[in-house]
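J.: kindly generate the corresponding structure for this input.
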Amino acid sequence: AVWVSTEETALLWYLLDHLSEVGDNGSFMKSTFEAAATHIARFYHHGAVKMARMCQNKCAAMCKLYCVVTTIKDVSGWTWSDDTGASITEETASTWDDYVAHHPEAKPFCNQGWPHLHQFEPLMPFPGIGLNIF
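T.: Just a heads-up that it's a prediction; the model follows:
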């Protein structure tokens, strides 16, 4: 499905407003995504009308992007900017090329940030969940 920025933003704000509906497993229920699909319908521009499953898939994809970006932010020698991403320069290009060779999902963030980074943070589960930490 093709998503435009206004649809992504509307989905994120809806999920943030319904954060209390997260289940014990750290995920939203199907009913939350069904309601989210109805909510974002007014922001429809083109492509398929977003259904609950599409909202759930988009949320999962944004979760992966969040993990990619936070990993980039932790790499020593790079400076993350919300506007310019990893802010790769000629001096850091070789380390970036090596990194992207092993992590191709990072490529879009060479010199471009992710506009939903800070908005998405509260949707991420606590760091210790599911890691067998006692």
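
J.: for the residue nearest to His39 when sequence neighbours are not counted, pull up the helix or strand it's in.
T.: For His39, ignoring the flanking residues on the chain, the nearest one in space by Cβ to Cβ, 6 or more residues apart in numbering is Tyr14 at 4.8 Å. For the C-beta atoms, the positions are set from N, CA and C on the backbone; glycine is no exception. Per DSSP states H and E: Tyr14 is located in helix 5-17.

J.: chain center to that helix, what's the gap?
T.: 11 Å (Cα atoms, centre = their mean, to the nearest Å).

J.: do the same with stretch 93-110
T.: Relative to its chain's centre, stretch 93-110 lies at 18 Å (Cα atoms, centre = their mean).

J.: next: stretch 75-89.
T.: 17 Å.

J.: ok, and what's touching that stretch?
T.: Stretch 75-89 has contacts (Cβ atoms under 8 Å, 6 or more residues apart in numbering) with 69, 72-73, 92, 95-96, 99, 106, 108-115, 117-118.

J.: likewise stretch 41-49?
T.: In contact with stretch 41-49 (Cβ under 8 Å, 6+ apart) are residues Ala1, Val2, Trp3, Val4, Thr6, Glu7, Ala10, Lys50, Met54.

J.: Tyr66 touches Pro125, doesn't it?
T.: No - contact between Tyr66 and Pro125 fails when scored by Cβ atoms under 8 Å: they sit 11.0 Å apart.

J.: who has more neighbours out of the two?
T.: Tyr66 (17 against 12; other Cβ atoms under 10 Å).

J.: after the longest helix seen in the chain comes which helix or strand?
T.: What stands out as the longest helix in the chain, according to DSSP state H, is helix 52-73. Downstream of helix 52-73, the first helix or strand assigned by DSSP H and E is helix 93-102.

J.: alright, calling it a day.
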